[in-house]
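>>> Predicted coordinates and the sequence they were generated for:
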Amino acid sequence: MQHTLSIKIEPHREECFYEKIENQNVKVTVDFQVASGGFLDIDTKVLSPSNQILHHLSRQTEHKITFNANEVGFYKVCFSNQMSTMTPKIVSFEITVGELGDPDVAKLEHLDPIEQAVMKLSEGMATVQSEQRHLKTRERIHRDLTEHANEKMLWW
């Protein structure tokens, strides 16, 4: 399962999101990027259902966090803009639970070669879509930076 979202985090605020994990030992990936605002940095925390801090990152522009969910329950992902005094941040993030392939489909070794090829293509397409979202955000960041520099040069 995969969820993608872009949010605006106001200065001195923290926004948290919850992901329900129904099975133990499931791979969870949180991939985020700061698309705009200030120095393009954000503090990030991932907490387990028992409120243990699994990951804590300070002032990161982008990062990919991967961990195994060893507990069943609601995992909490928080983005904090507490350090900012006046600049809101736009953060794009994606939470992936489990592998990208469909768990209801038979194992690869039980499929014929054509079905195996289709399964591999499907997984590859999901990876390409994720990478496209990532690159689109990066392009937006660089375009904003270039336009800002261009405005400064025109006034100079």
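Thanks, I have the structure now.
>>> C-alpha only now, for contacts and for neighbours.
Noted.
>>> Residue 40 against residue 58, yeah?
No. Residue 40 is not in contact with residue 58 according to C-alpha atoms under 8 Å; the separation is 11.8 Å.
>>> more crowded one of those two?
residue 40 (19 against 13; other C-alpha atoms under 10 Å).
>>> now the more buried one: how far from residue 67?
24 Å (C-alpha to C-alpha, to the nearest Å).
>>> what does residue 146 give?
Distance of residue 146 to residue 67, computed by C-alpha to C-alpha: 36 Å.
>>> got it, and residue 11?
29 Å.
>>> Show the backbone phi and psi for residue 154.
Residue 154 adopts backbone torsions of phi -70, psi -40, taken as degrees, to the nearest 10.
>>> Residue 16 now?
phi -120, psi 150.
>>> Could I get the contacting residues of residue 74?
Residues in contact with residue 74, defined by C-alpha atoms under 8 Å, 6 or more residues apart in numbering, are 18, 19, 20, 21, 48, 49.
>>> again with residue 56
Applying C-alpha under 8 Å, 6+ apart to residue 56 gives the contacts 43, 44, 45, 46.
>>> try 6 Å
If you count contacts by C-alpha atoms under 6 Å, 6 or more residues apart in numbering, residue 56 has them with 44, 45.
>>> so it bridges to which residues?
Beta bridges link residue 56 to residue 45 when assigned by DSSP bridges.
>>> same question, residue 20
For residue 20, the beta-bridge partners are residue 74 (DSSP bridges).
>>> neighbour count winner among residue 11 and residue 67?
residue 11 (17 against 14).
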